[in-house]
Structure formats: C-alpha cells, structure tokens
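# Provided below are the primary sequence and the corresponding predicted coordinates.
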Amino acid sequence: EYLNLSNNELSGEIPSEIENLIHLTRINFGGNQLTGEIPSCIWNLTNLEYLFLYGNQLTGQIPSEIENLIHLTSINFDGNQLSGEIPVEIGSLINLSQLYLHYNELTGQIPSEIGNLTNLTSFRLEDNQLSGQIPSEIGYLTNLEYLNLSNNELSGEIPSEIGNLTNLTDLRLDYNQLTGEIPSEIGNLTNLITLRLFNNELSGGIPEDICFLPEDGYIGLGNNQLCPPYPECLTEDDIGYQDTSECVECSENQGDLNSDTEVNIYDIIIMVNCILNNDCDECSDINEDGFSDIFDIINLVNLVLGQ
C-alpha cells in the first residue's frame, strides 16, 4: 500500500494514528510544512520500503529504532532540521539503495557501520555539520554511483579505499577540512564524470593517476594547498587557485638536496640527518614511494657513485 501526500501545504505534526496502517510499503510526505519530530510509531511499520519525509520542517533526532525497518530500500529525509548524530543502527538497513540525509543539522561522525550498506547506489550527506574522518569502510560500498559529503566539517585524509568505488560517476567532497594528499587510488574511478575536491586543505602533489579519469568530465581542485608540478592532463580551470606557500621546490637535478647543482657526499649527509630528525621533505623521497628512508639513502649513494 502507498500513502502519497507529497507537495501539498500540510502543516502540523505527523499523527501517531499512522501506526494503524501496518500494511504500508511506501510513505511520501515530502514537500509540505510538517513540524515536530518523526513519530516513534513510524518505526513499527516494518513493511515499509520507501520513506520520504523530505522538504518539511521536521526536528529532533533520527532514533536507533530505525533499524526495525529492515525492508527499506530508500530513505529521503533531506531539507529538514534534523539534528544529532546518524545512528549506528542505520547500518542494519542492508537493503538500502538510496540514503538522503542532506540539508539538515546532523552532527558527529559518519558511522563506520555505513559500510554494511553494500546495496547503496546514491548516498547524500551534504550540507550538515558532520565532523571527523571519512570512514575507510566507505570502500565497501562498491555499488555507489553518487557520493556527496560536501559542505560539512570533515577532516583527516581522503581514505585510499575510495578507489574501490569503481562505479562512481559523481564524487563531491568539497567545502570540508580534508588534509593530506589526494590518494593515487582515485585514478581507479574511470567512470567518474564529476570530481569536486575544492575548498579543503589538501596538500602535496596531484597524483598522475588522476589522468585516468574521463577526459570529458569535470574536475575541481581549487582553493587547496596542492603543489606543482601538476599533471599535464589538467587545465588551469581544473587546478584553480592553490596556496603554494608551503610547497618545497626540488632541484631539477635529482638528489641535489642542497641545490648546489651537484649530487655528492653533502647531499647524503643532509639525507641521513633529515631521516634521523624526522624532518625530510618530498625532495628526499628519491624513489618516490611516499617515504624518506634507508632505501632513499641507497638510491642517493648509487647516484653519487654512478657519476
């Protein structure tokens, strides 16, 4: 049974008597002016497959009892004033293909249990107040085609597991506080048409693997701290403005750590000292494996001996 009262001018609270409609499989109250909290009786309608409450003025939290609705395939709560954290119990809804919680006032972290929702194709959390890191478990959502986490307060690095989401066509992580380097695994997303990473605090180089993305897609990387040289496949519009004040410009002569145009014993001494003091920069990463260590010293010694 389907109850569709969407796009009217309904006001007031959702009546508790709705609990009597135990055979309902779909509820659509979207696009009204409903207020108050989502009534607890809704979580007893265990035959529900679709629950659309978008575009109202609903308040309160999403309760843990949402786990009762195990047949849900689509949740759309966007455009309300829901607050509090995303309940970890949402990870029990393993039949979900669409989860829309955007344009609310949700706080806290994205629960790692989200990785249980392996049937998700579209996941939207943009325009909330979510914080913490993007959980690595997001890499389990291999059916995802659309992922939008923009306009939150997310921090930490973009997990390399994002490269598992090879069905993604749209990835939006802009307007957060993400740091670290863009993972090279992003080059695995060969179906990606839109990549939005602008307005974060990303640093380091841009991986050449980004050139594996479709040529006709949109890439937005501006307003970060990404350092040149940039991959030749990217345009100025793709790169946008970058704060390069913290970037280290390495000598064109590999291994010339003191920029005196020669590679010699003095560069080896600099390399050893920076490793001992744990203050090496990217110029010391001779073998370009992301670390400065004994293997780079060996490579540098070979460069000196090979002259």
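In hand now; what should we look at?
# Return the residues in contact with the spatially most central residue of the chain.
With distances taken as C-alpha atoms, centre = their mean, residue 173 lies nearest the centre of the chain, 4.9 Å away. With contact set as C-beta atoms under 8 Å, 6 or more residues apart in numbering, residue 173 has these partners: 134, 149, 150, 154, 158, 196, 197, 200. Bear in mind the C-beta positions are built from the backbone N, C-alpha and C, glycine included.
# Tell me the predicted confidence for it.
If you check residue 173, the pLDDT there is 98.
# One more: residue 104?
Note for residue 104: predicted pLDDT of 98.
# who's in contact with the residue nearest to residue 33 when sequence neighbours are not counted?
In this structure, residue 33 finds its nearest non-sequential neighbour in residue 11, 4.5 Å apart by C-beta to C-beta, 6 or more residues apart in numbering. Residues touching residue 11, when contacts are defined by C-beta under 8 Å, 6+ apart, comprise 32, 33, 34, 35.
# make it 10 Å
Residues in contact with residue 11 (C-beta atoms under 10 Å, 6 or more residues apart in numbering) are 32, 33, 34, 35, 56, 57.
# Taking those residues, please make a ChimeraX selection of just the buried ones.
In ChimeraX, selecting the buried portion of the contacts of residue 11, with burial taken from 16 or more other C-beta atoms under 10 Å, looks like this:
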select :32,34,56
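# List the ones among the contacts of residue 11 that fall in strands.
Counting by DSSP state E, the members of the contacts of residue 11 that fall within strands are 33, 34.
# Closest to residue 217 out of the contacts of residue 11?
Nearest to residue 217, judged by C-beta to C-beta, of the contacts of residue 11 is residue 56 at 34.7 Å.
# confidence score at the closest one?
If you check residue 56, the pLDDT there is 98.
# Please apply the same query to residue 234.
According to the per-residue confidence, residue 234 scores 95 in pLDDT.
# So it, which state does it fall into?
Taking DSSP: H, G, I helix; E, B strand; the rest coil as the rule, one finds residue 234 in the coil state.
# Distance check, the closest residue to residue 83 other than its chain neighbours against residue 99.
Closest residue to residue 83 in three dimensions, ignoring its sequence neighbours and counting by C-beta to C-beta, 6+ apart: residue 105, at 4.6 Å. Separation of residue 105 from residue 99 (C-beta to C-beta, to the nearest Å): 17 Å.
# Look at these two and report which has more neighbours.
Just comparing residue 105 and residue 99: by other C-beta atoms under 10 Å the higher neighbour count belongs to residue 99, 22 against 13.
# Look up phi and psi at that one.
The phi and psi values for residue 99, taken as degrees, to the nearest 10, are phi -130, psi 110.
# if we can go back for a sec, Throw the contacts of residue 11 into JSON lines and include distance to residue 239, thanks.
Compiled in JSON lines, those are given as follows (distance: C-beta to C-beta, whole Å):
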{"residue": "32", "distance to residue 239": "44"}
{"residue": "33", "distance to residue 239": "44"}
{"residue": "34", "distance to residue 239": "45"}
{"residue": "35", "distance to residue 239": "46"}
{"residue": "56", "distance to residue 239": "41"}
{"residue": "57", "distance to residue 239": "41"}
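# Which of the contacts of residue 11 sits closest to residue 207?
Proximity of those to residue 207 was ranked by C-beta to C-beta; the top entry is residue 56 with 42.5 Å.
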